[in-house]
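K.L.:
Build me a model from this:
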Amino acid sequence: LILEYKIRQAQEKGTKYIQVGKANKRADLNLEAGNDKFIALLNGLMNQMAGSADAKLKSEIDRFDVLQEELKSFSMDQLIKLTGYDKVTIDTFMEMLRDKNVVFIFEPTESKFRRETLEAVANYLLLSGKIGDPQNGLILGDIDLNSTGVKEMGTDPDYLPGIVSLSEKDQIARISKEWG
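P.N.:
Residues are numbered from 1 along each chain as shown. Coordinates of the predicted model:
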């Protein structure tokens, strides 16, 4: 419940919630996951950012020139082709991440996707200057975490906090009263 409450508080202050994976009705933008779409979107955003990076940032990132070269292939046309998203969706994603606070929350996934995704997120946080900022970051799930406890917090879009299904009207009324 605490994580869900913190997410709601952040949204009330203007923070945008991007859900990657299973759709969540509370999210400002839902993106399909399970393949390289999310990585491609982050790389596209970083491609735009790398072109305008200042000298200080370039000197702080090891092998910046290699990263910049790798990102060049992620033009808008290539992103549309790789992800299947239209330009409006891609622009919305990029705008939400460009100047906003962002926290990435990851659950356990297939190892190749997870490693590549985490690399893209780490590169984004470095390139955007958001690493080390307490309003930005990364929350990693683990296969050994208490999955029931995570669902209790309201992170599953099919359930309300407390693992209350949408058909449990009496429990919904109780939660509505508690949460306002």
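
K.L.:
Okay, the most centrally placed residue in the chain and Leu160: tell me how far apart.
P.N.:
What sits nearest the mean C-alpha location of the chain, by C-alpha atoms, centre = their mean, is Phe104, with 4.3 Å. Noted for Phe104: a distance of 23 Å to Leu160, by C-beta to C-beta, to the nearest Å. All C-beta atoms are positioned from the backbone trio N, CA, C, and that covers glycine.

K.L.:
How about Arg98?
P.N.:
Distance from Arg98 to Leu160, by C-beta to C-beta: 32 Å.

K.L.:
In terms of neighbours, single out the busier of the two.
P.N.:
Higher neighbour count among Arg98 and Leu160: Leu160, with 19 against 12, using other C-beta atoms under 10 Å.

K.L.:
hey, which helix or strand in the protein has the poorest pLDDT?
P.N.:
Lowest on mean pLDDT, DSSP states H and E among the helices and strands of the chain sits helix 147-152, with a mean of 64.

K.L.:
next SSE after that one?
P.N.:
Going down the chain from helix 147-152, the next helix or strand is strand 159-160, by DSSP states H and E.

K.L.:
Adjacent strands (with direction) for that following strand?
P.N.:
When pairing is defined by DSSP bridges, strand 159-160 lines up against strand 164-165 (antiparallel).

K.L.:
what packs against the helix or strand just after the partner strand?
P.N.:
Using DSSP H and E, the next helix or strand after strand 164-165 towards the C-terminus is helix 169-179. Secondary-structure packing of helix 169-179 (3 or more C-beta pairs under 8 Å, 6 or more residues apart in numbering; DSSP states H and E): strand 159-160, strand 164-165.

K.L.:
Now tabulate those strands in JSON lines and tack on distance to Ile18 and mean pLDDT.
P.N.:
Converted to JSON lines, the helices and strands packed on helix 169-179 look like this (distance: least, C-beta to C-beta, whole Å; pLDDT from 0 to 100):
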{"stretch": "strand 159-160", "distance to Ile18": "20", "mean pLDDT": "75"}
{"stretch": "strand 164-165", "distance to Ile18": "24", "mean pLDDT": "78"}
